[in-house]
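*Asks:* Need coordinates for the below:
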Amino acid sequence: MRRVPLLSGSRIVSVPVRDEDILLAPPPPPTRVVDVAAAVRDALSFPLSGGPLETLVGRGARVTIVVEPPALPVPGAHVDPRPAALATVLEELARLGVPDENVKLLVAGGLERRAGRAELEGLLPPPQARVFHGQVLVHDASAPELVPLVAAVRVNPAVLEADLTLVVSSAETIVHGGPGALLAAGDAETVRSAAGARSLVQASGERVWELVLAVERAVAARVRLLGVSLVLDHPRLAGRFRGYPHEPQALEHIARSPFRRLYSVLPAAVRRGILRDQNRILAATAAFAGAPSVAHVEALVRAIELRGTRVERPLDALVVGVPWIGPHVPREPLNPITSAGIVLGHALRQWRDAFPVRQDGILVLVHSLTRTFAHGTQAPYRALFDELAGGGGSLEGAERAAASDSRALAEYRGGRSCHPLLPYADWDGCRPALSRLGRVIVAGSRDAVAARALGFVPSHSVTSALDMARGIAGTDARVGILLAPPYPPLLVGG
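*Replies:* Just a heads-up that it's a prediction; the model follows:
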């Protein structure tokens, strides 16, 4: 029986694979990438809807540019085309007579920890960051200054106090990028309400997508609105491990490498440092402009086809590894809630046409799932975990208390912690997958109490977890192994 390497936090574990098991790997890198600056300029000149940029702004106009922190795709990359795209937009505005002093750069992070100096400096390439003289605003989802927009939705006033609001993003999901960036510039309750989508890459029937469109229409009724959306590939490794996880030769090389055995005995902090410093490259393959929703949908459809992997029909069991860092920016080590969230709330919600696991199927989550919370910055996650460990009978009351916790809000507004509602949003994102799965088995569990607190079944090793899964699903069960991260969209069916 052959084995394939799979990330489990900062460790690399060997998963036994039968001949009939299905390996689900991201597709190979595209053969065509674009000159980002040229592609963005062309997109602004020939948008998919509405007029070109030069017809929307005049000399001396006030412009708000809305951007999101580069949280997706996971795990991120050292070479990222989004700063170059933003720099090109600023150059085009300057060419049309809009100086930097008239530009507000709004960083819409939703409920994530507010961006600090290091994250803000990474929004632009270093040469452009040094000479940018505009105003940089970091969105505060609980600020009293948020202004009413539509129904109960309130947004950052910078979105409306401009002659043109311009969204610069990449197409990741139906709520990340495009008009979703406008939602991320809204109030905490509105952002929290968008957490329960069944699928993150299929808009049909999703209430969250209707909310996103309503926010876009309300903004467009008050100011001129334009969006630029990039189509991004997966983050790809460079160097000696390039080809993982999409090339069989790379899987074989890592599985047999003596470095893997040496690496496994290193301290966790050293392993995380090695993974963090691996050279990863993120390429763009296209850019579109127009109404944010129009440009975003076109880019998202292309990104799904570029990055997705096909599953013939729903599986009986799926094995998924967990990366060494969380799904939010600034990146932090995982805790039990974010470990579940990145698999159940992110990887298993990137499906199109059908959920990738049959009703009452099994998920094998490969991770130690220990009760480790970063001091201070993850205090809201610890509070939610303690509530779940106590039975979780009053989650709604606990969430209301968290939303009004003045100390937790002060930590968030000071950039020292995430918003106290973010853990509840992450856990709520797991519910669509949990409602379909019959069992979640934690392979390699080192903390049975943590696994059971989340309703999962602990197992000591991958082998024992697979034996348990096959014992439940049957010896002829169709088992898939998702070779990730990066997590590809799962296109289910023909």
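*Asks:* Just name the shakiest helix or strand of the chain by mean pLDDT.
*Replies:* Within the chain, no helix or strand scores below helix 258-264, which has a mean of 81 by mean pLDDT, DSSP states H and E.
*Asks:* Could you pull out the buried residues of that one?
*Replies:* Buried residues in helix 258-264, counted by 16 or more other CB atoms under 10 Å: 260, 263. C-beta coordinates here come from the backbone N, C-alpha and C atoms, glycine included.
*Asks:* Skip ahead from that helix and say which helix or strand is next.
*Replies:* helix 268-277 (DSSP states H and E).
*Asks:* what does the next helix or strand along the chain from that next one rub up against?
*Replies:* Once helix 268-277 ends, the next helix or strand along the chain (criterion: DSSP H and E) is strand 280-281. With CB atoms under 8 Å, 6 or more residues apart in numbering as the test, strand 280-281 has contacts from 75, 76, 77, 78, 79, 235, 236, 237, 238.
*Asks:* Out of these, the closest to residue 35 would be?
*Replies:* residue 79 (14.3 Å; CB to CB).
*Asks:* if we can go back for a sec, I only care about the contacts of strand 280-281 that end up buried; give me the ChimeraX line for that.
*Replies:* To isolate the buried ones among the contacts of strand 280-281 in ChimeraX, judged by 16+ other CB under 10 Å, type:
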select :75,76,77,235,236,237
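*Asks:* Now intersect the contacts of strand 280-281 with the helices, please.
*Replies:* Members of those lying in helices (criterion: DSSP state H): none.
*Asks:* Strands of the stretch 151-300 of the chain, start to end?
*Replies:* Along the stretch 151-300 of the chain, counting by DSSP state E, counting those that start in this stretch, strands occupy 153-155, 164-170, 224-232, 236-237, 280-281, 284-290.
*Asks:* Next, the contact list for the closest residue to residue 176 other than its chain neighbours, please.
*Replies:* Excluding the flanking residues, the one nearest residue 176 by CB to CB, 6 or more residues apart in numbering is residue 72, at 5.4 Å. Contact analysis of residue 72 by CB under 8 Å, 6+ apart lists 170, 172, 173, 176, 327.
*Asks:* before we move on, what about residue 329?
*Replies:* 69, 70, 71, 109, 112, 113, 115, 119.
*Asks:* any idea of the pLDDT on the residue nearest to residue 176?
*Replies:* On the pLDDT scale, residue 72 is placed at 95.
*Asks:* With residue 256 instead?
*Replies:* 83.
*Asks:* and it, how many neighbours does it have?
*Replies:* Neighbourhood size, residue 256 [other CB atoms under 10 Å]: 11.
*Asks:* how much space between it and residue 472?
*Replies:* 32 Å (CB to CB, to the nearest Å).
*Asks:* Look at the spatially most central residue of the chain and give its secondary structure.
*Replies:* What sits nearest the mean C-alpha location of the chain, by CA atoms, centre = their mean, is residue 72, with 3.6 Å. Following DSSP: H, G, I helix; E, B strand; the rest coil, the label given to residue 72 is coil.
*Asks:* Please report which of the contacts of residue 329 has the highest neighbour count.
*Replies:* Neighbour-wise, these (other CB under 10 Å) top out at residue 109, 26 neighbours.
*Asks:* and that one, that's in a helix?
*Replies:* No: assessed with three-state DSSP, residue 109 is coil; it does not lie in a helix.
*Asks:* Name the nearest residue to it, sequence neighbours excluded.
*Replies:* residue 69 (5.0 Å).
*Asks:* State the pLDDT value of that neighbour.
*Replies:* In this model, residue 69 carries a pLDDT of 96.
*Asks:* quick one: it and residue 453, what's the gap?
*Replies:* 29 Å.
*Asks:* What of residue 344?
*Replies:* For residue 344 relative to residue 453 (CB to CB), the value is 15 Å.
*Asks:* of the two, who's got more company?
*Replies:* residue 344 (25 against 20).
*Asks:* I figured the more buried one hits residue 428, correct?
*Replies:* No: look at residue 344 against residue 428 with CB atoms under 8 Å: they stay out of range, at 10.7 Å.
*Asks:* shaky segments in the stretch 51-200 of the chain?
*Replies:* Within the stretch 51-200 of the chain, no stretch has pLDDT under 70.
*Asks:* hang on, the earlier thing: Serialize the contacts of residue 72 to CSV and add fields for distance to residue 466 and neighbour count.
*Replies:* Below are the contacts of residue 72 laid out as CSV (distance: CB to CB, whole Å; neighbours: other CB atoms under 10 Å):
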residue, distance to residue 466, neighbour count
170, 36, 27
172, 31, 27
173, 30, 25
176, 32, 21
327, 26, 25
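*Asks:* Spit out the contact partners of residue 124.
*Replies:* Contacts of residue 124 by CB under 8 Å, 6+ apart are 83, 86, 87, 90, 132.
*Asks:* quick one: the nearest residue to the third one once chain neighbours are set aside and residue 110, what's the gap?
*Replies:* If the residues on either side of it in the chain are set aside, residue 87 comes closest to residue 128, at 4.4 Å by CB to CB, 6+ apart. Noted for residue 128: a distance of 25 Å to residue 110, by CB to CB.
*Asks:* The two: which is more packed in?
*Replies:* The neighbour comparison of residue 128 against residue 110 (other CB under 10 Å) goes to residue 110, with 29 against 17.
*Asks:* and that one, what is it in contact with?
*Replies:* 139, 141, 183, 184, 191, 419.
*Asks:* need the strands for the stretch 301-450 of the chain, in chain order.
*Replies:* According to DSSP E, counting those that start in this stretch, the strands that the stretch 301-450 of the chain contains are 309-311, 315-321, 351-352, 357-366, 437-443.
*Asks:* among those, which is nearest residue 102?
*Replies:* Per CB to CB, nearest to residue 102 of the strands of the stretch 301-450 of the chain: strand 351-352, 41.1 Å.
*Asks:* That closest one: partners in the sheet, and parallel or antiparallel?
*Replies:* strand 490-492 (parallel) (DSSP bridges).
*Asks:* From the chain's centroid, how far away is the strand it pairs with?
*Replies:* 18 Å (CA atoms, centre = their mean, to the nearest Å).
*Asks:* just stretch 132-152 next, same as before
*Replies:* 22 Å.
*Asks:* and if you look at stretch 51-65?
*Replies:* 30 Å.
*Asks:* For the remainder of this discussion, apply numbering that starts at 853.
*Replies:* Sounds good: first residue 853 from here, last item stretch 903-917.
*Asks:* Please list the outside residues in contact with that stretch.
*Replies:* With contacts defined as CB under 8 Å, 6+ apart, stretch 903-917 is touched by 896-899, 902, 938, 941-942, 944-945, 948-951, 954-958, 1010-1011, 1013-1020, 1076, 1078, 1141.
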